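Colleague: Return atomic coordinates for the entry below.
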Amino acid sequence: MTTPHLAPYPEPFFTPDPKSAAHSRIADFARWAARHRGAEGIQDPTDYRALYQWSVTDLEGFWAAVWEYFDIDATSPYEEVLAEETMPGARWFPGATLNYAHHALRNLRPDAPAITALDETGAGYEITGRELRARVASVAASLRDLGVGQGDRVVGYLPNTPHAIIAFLATASLGAVWSVCGQDYAPKAAADRFAQLEPTVLITADGYLFNGTTHDRRAASLELAAALPTLKATVLVDHVGLVWPEDRHTWLTVPWEDAAARVEYLTTAPVPFDHPLWVVFSSGTTGLPKGIVHGHGGVLLEHLKTLGLHTDLGVGDRLLWYTTTHWMMWNLVVATLLTGATTCTYDGSPAPQTRPDVLWELAARHKVTVFGTSPQYLLAMAKLGIEPSVHDLSAVRVVGCTGSALPASAYPWVRDHVGAGIQLASTSGGTDVVSGFAGSASTTPVWAGELSAPNLGVALASYGPDGTPVLDQVGELVVTRPMPSMPLYFWNDPDGSRYRDAYFGAYPGVWRHGDWITLTSHGSVIVHGRSDATLNRNGVRLGSADIHDVVERLPEITEALVVGAEEPDGGYWMPLFVVLADGVGLDDSLRDRIRDAIRAGASPRHVPDEILAVRALPHTKTGKKLEVPVKRLLQGAPAEQVLNPAAVDNPDLIAYFGRLGAERNKRSAHDT
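Modeller: Prediction:
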């Protein structure tokens, strides 16, 4: 596979201020590790490469240091750090008992905001540390009275509001298991997830806001509850002020106001390090969603590392990261509390038509220090001509970005229109580990279009075709040593076969994530896209992200999707689908500009066979382009065999690509 943008960016786009880097938490951790853990090779605390190298060569020493540095409060101590290093099957911190919820609440200042609740109207309210603890204690007692005990499941059908955080922490405090999805999921799609868990209690809201509209989800909530036969009760949240119907359900219902208003003393149940904390689900685009189970201790350590060290969050900071509750970023939004920082929830569209810059306005008003979003959002802001810097963003020091590869073109836009001293931190990870594999830190430079470095404790490698590590070449993203937040198991996978096949089928004992990456000589990571969506033209592998990066810079294009489809006659069709900006038509002149841009910005091999305009592109509910399902549709596979419409943001688009594939295959058969 070619690596088209390695050469143009030999110098960093952004270099941290040396004084700020030296005073960062990650530098303090490096000094502490060198002094207390004998971390070899760390002469300069701002030398990220040295710290990283120690973190992956002395895996046990590193994670023991994270444990001690963040003063993990275990009810019983661990016997050893890593009892077994095999993957899958690594056993971390055996003997230790602790509780995630205890750590999420212990560092909060009683009278300072723990959560700031925001929505697209600009309205908001705050919940102090004392208030949060009281509400968690109340909901935990209510859940206990409803029959929830250790190991039972509580599920949430909720927007991104404080209710979801409170319900999760209450569930975790009992040693019960949490799962949540947003209310834009249809009841059947939510039931496809939750019914697998056989939950005891459902917590659901009356509706949510999006783009100026209040979406009524009362009927959907009751339909979902009816599809979960194991429920003992449903807790009804009044979020948007709609009146819940009476006498239309046969199970016990409890108003949120009653569940959260009791005066109770919070106790947290000590559980083993690997006790299940939550179940997060795969997108479910090609079948029933997989339930991925993570444990209390692994998540606790991984998120303290990610937010406390890489993101430099601590007491006095505020994080606002746009997410929905069914995206893994919601889990990190909650984890902000572990550091003692304030987390912001947001209900609504990231760019409502009436005020598309509302997130920047809120970031300024609430003195947000870490602002998180997606590449699509930043590109949309640029094309809409939004000027975030008209707001006072002087408190923002990091703009985090994840969800897909961030194109190089976004970097100068953030510098010129958000703030010159802000670090643009592109990260890549996954729901699978509910964290990141690569990203940045206060001590790392930034190269445009690249992730600064592998994350601490992540033994990241790029494997070439022969299964050996390569440098400055595209290869498979693999992790060669275990991480504490790797899944405990998949739900309803008693022999572990689905889990092994998902990550360890290609390279036994080595985690294969399914992304194409390049590890560069200067230490950065370039993400080229999903390896299962690789373009393979005439034996040359091409990364789809490299094409999307170039095309989506053009002002006439709002989004692009390229796929490569092998055809029955042995041919190979590589079309590029583009969504045009308002008022733009796809004529020969624009097609030529697109081809020229790809030829210059990627390579001649990346130029597609055909360029087609579409009204929109299908995505998962978390915004990822459906490259592989679209490819299979174009190859003539029936839609019902390709993906689950309930997992797609716009199911109507599936019919379009299905028709396109059927017509093309009919023509091909006729020609043959």
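Colleague: Any regions of the stretch 151-300 of the chain where pLDDT drops low?
Modeller: In the predicted model, the stretch 151-300 of the chain carries pLDDT under 70 at residues 247-251, 283-287.
Colleague: can you give me the strands in it?
Modeller: 153-157, 177-181, 201-205, 207-210, 213-216, 233-237, 252-255, 271-272, 276-281, 291-295 (DSSP state E, counting those that start in this stretch).
Colleague: Now distance to residue 146 too, for the ones you listed, in JSON lines please.
Modeller: In this view, the C-beta of every residue, glycine as well, is placed from N, C-alpha and C. Listed next are the strands of the stretch 151-300 of the chain as JSON lines, based on distance: least, C-beta to C-beta, whole Å:
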{"stretch": "strand 153-157", "distance to residue 146": "9"}
{"stretch": "strand 177-181", "distance to residue 146": "15"}
{"stretch": "strand 201-205", "distance to residue 146": "5"}
{"stretch": "strand 207-210", "distance to residue 146": "23"}
{"stretch": "strand 213-216", "distance to residue 146": "26"}
{"stretch": "strand 233-237", "distance to residue 146": "4"}
{"stretch": "strand 252-255", "distance to residue 146": "7"}
{"stretch": "strand 271-272", "distance to residue 146": "20"}
{"stretch": "strand 276-281", "distance to residue 146": "19"}
{"stretch": "strand 291-295", "distance to residue 146": "22"}
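Colleague: Dump those strands to a markdown table, plus mean neighbour count and distance to residue 72.
Modeller: Listed next are the strands of the stretch 151-300 of the chain as a markdown table, based on neighbours: other C-beta atoms under 10 Å; distance: least, C-beta to C-beta, whole Å:
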| stretch | mean neighbour count | distance to residue 72 |
| --- | --- | --- |
| strand 153-157 | 27 | 25 |
| strand 177-181 | 26 | 21 |
| strand 201-205 | 27 | 29 |
| strand 207-210 | 21 | 36 |
| strand 213-216 | 14 | 41 |
| strand 233-237 | 24 | 31 |
| strand 252-255 | 15 | 34 |
| strand 271-272 | 20 | 14 |
| strand 276-281 | 24 | 15 |
| strand 291-295 | 24 | 14 |
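Colleague: Where does the prediction get shaky in the stretch 551-672 of the chain?
Modeller: Scanning the stretch 551-672 of the chain for pLDDT under 70 picks out the ranges 567-571, 641-643, 665-672.
Colleague: could you pull out the helices for it?
Modeller: Using DSSP state H, counting those that start in this stretch, the helices of the stretch 551-672 of the chain run over residues 588-601, 627-634, 639-642, 652-671.
Colleague: Not counting the first one itself, show me its contacts.
Modeller: Helix 588-601 is touched from outside by 4-5, 547, 549-551, 553-554, 556-557, 576, 578, 584, 606-608, 611, with contacts defined as C-beta atoms under 8 Å, 6 or more residues apart in numbering.
Colleague: among the helices of the stretch 551-672 of the chain, which is the most enclosed?
Modeller: helix 627-634 (a mean of 23; mean count of other C-beta atoms under 10 Å).
Colleague: Where does pLDDT dip in the stretch 401-550 of the chain?
Modeller: Regions of the stretch 401-550 of the chain meeting the criterion pLDDT under 70 cover residues 531-534, 536-543.
Colleague: quick one: the helices in it?
Modeller: 410-417, 497-504, 544-551.
Colleague: got those as a markdown table, with mean neighbour count and distance to residue 181 columns?
Modeller: Output for these, formatted as a markdown table (neighbours: other C-beta under 10 Å; distance: least, C-beta to C-beta, whole Å):
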| stretch | mean neighbour count | distance to residue 181 |
| --- | --- | --- |
| helix 410-417 | 18 | 29 |
| helix 497-504 | 16 | 20 |
| helix 544-551 | 26 | 27 |
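Colleague: between the ones you listed, which gets nearest to residue 88?
Modeller: Nearest of those to residue 88, taken as C-beta to C-beta: helix 497-504 at 6.1 Å.
Colleague: tell me what the closest one is packed against?
Modeller: Under the contact definition 3 or more C-beta pairs under 8 Å, 6 or more residues apart in numbering; DSSP states H and E, helix 497-504 sits against strand 489-490, strand 511-519.
Colleague: Using CSV, lay out these together with mean neighbour count and distance to residue 659.
Modeller: Shown next, in CSV, are the helices and strands packed on helix 497-504 (neighbours: other C-beta under 10 Å; distance: least, C-beta to C-beta, whole Å):
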stretch, mean neighbour count, distance to residue 659
strand 489-490, 19, 35
strand 511-519, 23, 29
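Colleague: how about CSV for those, with distance to residue 223 added?
Modeller: Output for those, formatted as CSV (distance: least, C-beta to C-beta, whole Å):
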stretch, distance to residue 223
strand 489-490, 27
strand 511-519, 34
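Colleague: Ok, which of the ones you listed comes nearest residue 322?
Modeller: strand 511-519 (22.6 Å).
Colleague: what distance separates the closest one from the middle of the whole chain?
Modeller: 16 Å (C-alpha atoms, centre = their mean, to the nearest Å).
Colleague: partners of that strand in the sheet?
Modeller: Next to strand 511-519 in the sheet, as set by DSSP bridges, lie strand 474-479 (antiparallel), strand 525-530 (antiparallel).
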